[in-house]
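Asks: Pasting the sequence and the predicted model now:
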Amino acid sequence: MAGNGFSLGLEFDCGQGDRGKVKQPTILLVEDRDSLRRLLRRALEADGCHIEEAEDGLAGIEKIDRGTYDLVLTDLKLPGASGLEVLRACRKAQSKTPVVVMTAYGTVANAVEAMKLGAFDFLEKPVEVDDLLSLVRMALGNEEQDAALEAPGAPPIIGRHPELRTAVQLLRRVAGTESTVLLTGESGTGKELFARALHALSKRSTGPFVGVNCAALPESLMENELFGHEKGAFTGANRRHAGKFEVAKGGTLLLDEIGELALGVQAKILRVLEERTFERVGGSSTLHADIRLVAATNRDLQEMVSEGSFRADLYYRLEVFPLELPPLRRRLSDIPLLARHLLSRICERNGKALLVLTPEAETLLSEQPWPGNIRELANLLERASILTEGNRLDTPHLKPLMKVRSKDLQQHQLRQALVDSNGNKRAAAQALGISYRTLLRRVRLFDLEGFPTYRD
């Protein structure tokens, strides 16, 4: 793995074919204010860059269509065409060219939209020259990083895929604020990992990080878990108990699987977000909630709001800064990096000599859909590391485990289809895209007759 720092050099080696010379990186600067454009040009040229200029968005798009650039630096609000249109044009014509967007109108919505469109990062005006140069150096020297993010005190986030890098850049943007963050994504995509990195990069990093799995406790215990109780609040309450909002004081509180909370508890969390206060169960003293809240879910909260199972007012409080994590099947190119990292951690944790993945094994892993995402990949590698002798992990070690994995996945999908159809086998077969006869055979194979209720 590469070191923690980015490469800061702005010169590119052109090789022997160019007599060993180095080529200046060429930057397209799209800015309508003459004075700012001249200032930025002087600073970038002094740092070793060659600058081409455009005075409006349309001129910038024309240059992008005609030329090739190592980086595009564009204002967001431009005459002719907006900075977002410049960004879209660059993504279409030069998909690998990093784009940095500047704006004096730096709202969260603009930042999120720019990052989702593929911007490398976002700078607010007035632009600090040192910050700009640091960001340009990162953008031009970033490709060799195996870790998208390494924050002290948090596990590294591994990968180079643009979707992952976008999520990491958004995380960097919001980390230094007190804004509530909503992490969304499928199970196993690393939502807790992102929450820990967010905490590590925040002003609250010296405080505690406290996580609560909202799906792990029944409704009757959740209020007590979150807010605590006073002595004598109920039978068996022999002493005062501090809840998670209290334990996380000065730090970050992660509410994982927040979509599983009952409506009554949702109302109490809404009050904490609005008033920053709460009471212990059975208590009358009002306590201050000195926490930064991060919520995570693999469910569609907007759809739950429409169904009435999630409060709309709480949803809008949580969605101050939404951050979606891509599933592993959308960043398959990261699997070799990720698998090597996971395998080294697994071997270290289990006291085993380091196993080396063969290129053939990396290719095999990269061809899988991984519906369970990173968690599923890690589980497979751990089983393989336990069963493998020697110092190499090859395809013969992985294929038998993948067959077992395929059977486990088939059973999980069948159980879910039967639950969704309330036991209606014909509806479940249709949902799975298999024949009724095939479904009956699988029901017998997995001993699921009568699950969850008996219906034909």
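Replies: Right, received. Where do you want to start?
Asks: give me the number of residues near residue 236?
Replies: Neighbour count of residue 236, defined by other CB atoms under 10 Å: 6. For every residue, glycine as well, the C-beta is placed using N, CA and C.
Asks: where's it relative to residue 249, distance?
Replies: 26 Å (CB to CB, to the nearest Å).
Asks: again, but for residue 163
Replies: Counting by CB to CB - residue 163 and residue 249 are separated by 35 Å.
Asks: The most centrally placed residue in the chain - nearest residue in space that isn't next to it in sequence?
Replies: Nearest to the mean C-alpha position of the chain, counting by CA atoms, centre = their mean, stands residue 325 at 3.4 Å. In space, and not counting its chain neighbours, residue 325 is closest to residue 185: 3.4 Å by CB to CB, 6 or more residues apart in numbering.
Asks: pretty sure the one you found contacts residue 330?
Replies: No - Residue 185 is beyond contact range of residue 330, at 10.4 Å (criterion: CB atoms under 8 Å).
Asks: So these two - more neighbours on which side?
Replies: Using other CB under 10 Å as the criterion, residue 185 and residue 330 rank with residue 185 on top: 19 against 12.
Asks: contacting residues for that one?
Replies: Each residue near residue 185 by CB atoms under 8 Å, 6 or more residues apart in numbering is listed here: 191, 298, 324-327.
Asks: Widest-spaced pair of these?
Replies: 298 and 326 (13.1 Å; CB to CB).
Asks: burial count for residue 308?
Replies: As a burial measure, residue 308 scores 9 neighbours (other CB under 10 Å).
Asks: any idea how far it is from residue 440?
Replies: Residue 308 is 36 Å from residue 440, by CB to CB.
Asks: returning to that earlier point: from the contacts of residue 185, which land in helices?
Replies: The members of the contacts of residue 185 that map onto helices under DSSP state H are residue 191.
Asks: now the contacts of residue 185 as TSV including pLDDT and distance to residue 151?
Replies: Listed next are those as TSV, based on pLDDT from 0 to 100; distance: CB to CB, whole Å:
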residue	pLDDT	distance to residue 151
191	96	16
298	90	23
324	94	20
325	95	16
326	92	19
327	91	23
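Asks: Would you mind listing which of the contacts of residue 185 are buried?
Replies: With burial judged by 16 or more other CB atoms under 10 Å, the buried subset of the contacts of residue 185 is 191, 298, 324-327.
Asks: Serialize the residues you listed to CSV and add fields for distance to residue 175.
Replies: Formatted as CSV, these follow (distance: CB to CB, whole Å):
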residue, distance to residue 175
191, 15
298, 22
324, 17
325, 15
326, 19
327, 23
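Asks: tell me which of those is nearest to residue 26?
Replies: Among those, and counting by CB to CB, the member closest to residue 26 is residue 326, at 30.4 Å.
Asks: For the closest one, give me its contacts.
Replies: Listed by CB under 8 Å, 6+ apart, the contact set of residue 326 reads 161, 163-164, 167, 185, 189.
Asks: Export these to CSV and append columns for pLDDT, distance to residue 273 and secondary structure.
Replies: Output for the contacts of residue 326, formatted as CSV (pLDDT from 0 to 100; distance: CB to CB, whole Å; DSSP: H, G, I helix; E, B strand; the rest coil):
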residue, pLDDT, distance to residue 273, secondary structure
161, 81, 33, coil
163, 83, 29, helix
164, 88, 29, helix
167, 89, 23, helix
185, 93, 22, coil
189, 94, 25, coil
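Asks: Out of the buried ones among the contacts of residue 185, list just those in strands.
Replies: Cross-referencing the buried ones among the contacts of residue 185 against strands under DSSP state E gives residue 324.
Asks: which strands and helices sit next to the helix or strand containing residue 194?
Replies: Element membership of residue 194, judged by DSSP states H and E, is helix 191-200. With contacts defined as 3 or more CB pairs under 8 Å, 6 or more residues apart in numbering; DSSP states H and E, helix 191-200 has these neighbours: strand 157-158, helix 162-175, strand 181-184, strand 209-213, strand 251-256, strand 291-297.
Asks: Least confident of the ones you listed, on average?
Replies: Lowest mean pLDDT of the helices and strands packed on helix 191-200: helix 162-175, a mean of 87.
Asks: need the helix or strand of this structure with the lowest average pLDDT.
Replies: strand 12-13 (a mean of 43; mean pLDDT, DSSP states H and E).
Asks: what residue ranges in this structure are flagged as low confidence?
Replies: For the chain, the stretches with pLDDT under 70 are 1-23, 105-109, 111-112, 142-147, 405-406, 454-456.
Asks: Grab the longest helix from it for me.
Replies: Per DSSP H, the chain has its longest helix at helix 395-420.
Asks: For that one, buried residues please.
Replies: 397-398, 402, 405, 414, 417-418.
Asks: ok, those vs residue 336, which is closest?
Replies: Distance to residue 336, by CB to CB, is smallest for residue 398 among the buried residues of helix 395-420, at 13.4 Å.
Asks: all strands of the stretch 251-400 of the chain, in order?
Replies: Remark: strands assigned in the stretch 251-400 of the chain by DSSP state E, counting those that start in this stretch are 251-256, 277-278, 287-288, 291-297, 321-324, 356-357, 392-393.
Asks: Ok, which of those comes nearest residue 38?
Replies: strand 321-324 (34.7 Å).
Asks: Name every strand pairing with that closest one and say which way it goes.
Replies: Strand 321-324 has the following strand partners under DSSP bridges: strand 181-184 (parallel).
Asks: can you list contacts of the strand it pairs with?
Replies: With contact meaning CB under 8 Å, 6+ apart, strand 181-184 is reached by 174, 191, 194-195, 198, 293-298, 301, 318-325.
Asks: Mark which of the residues you listed are buried, thanks.
Replies: Here, 16+ other CB under 10 Å leaves 174, 191, 194-195, 198, 293-298, 301, 318, 320-321, 323-325 buried among the contacts of strand 181-184.
Asks: Tell me the secondary structure at residue 231.
Replies: Of the three states, residue 231 takes coil under DSSP: H, G, I helix; E, B strand; the rest coil.
Asks: picking that back up, kindly list the main-chain dihedrals of the residue nearest to residue 325?
Replies: Note on residue 185: backbone dihedrals following degrees, to the nearest 10 are phi 150, psi 160.
Asks: Residue 448 too?
Replies: According to degrees, to the nearest 10, residue 448 has phi -110, psi 20.
Asks: is it true that it touches residue 418?
Replies: Yes - here residue 448 reaches residue 418: they are 6.5 Å apart, a contact under CB under 8 Å.
Asks: hmm, back to that, and the strands of the stretch 251-400 of the chain as TSV, adding distance to residue 216?
Replies: Formatted as TSV, the strands of the stretch 251-400 of the chain follow (distance: least, CB to CB, whole Å):
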stretch	distance to residue 216
strand 251-256	9
strand 277-278	21
strand 287-288	24
strand 291-297	13
strand 321-324	23
strand 356-357	33
strand 392-393	33
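Asks: Nearest to residue 72, out of these?
Replies: Using CB to CB as the measure, strand 321-324 is the one of those that comes nearest residue 72, at 24.2 Å.
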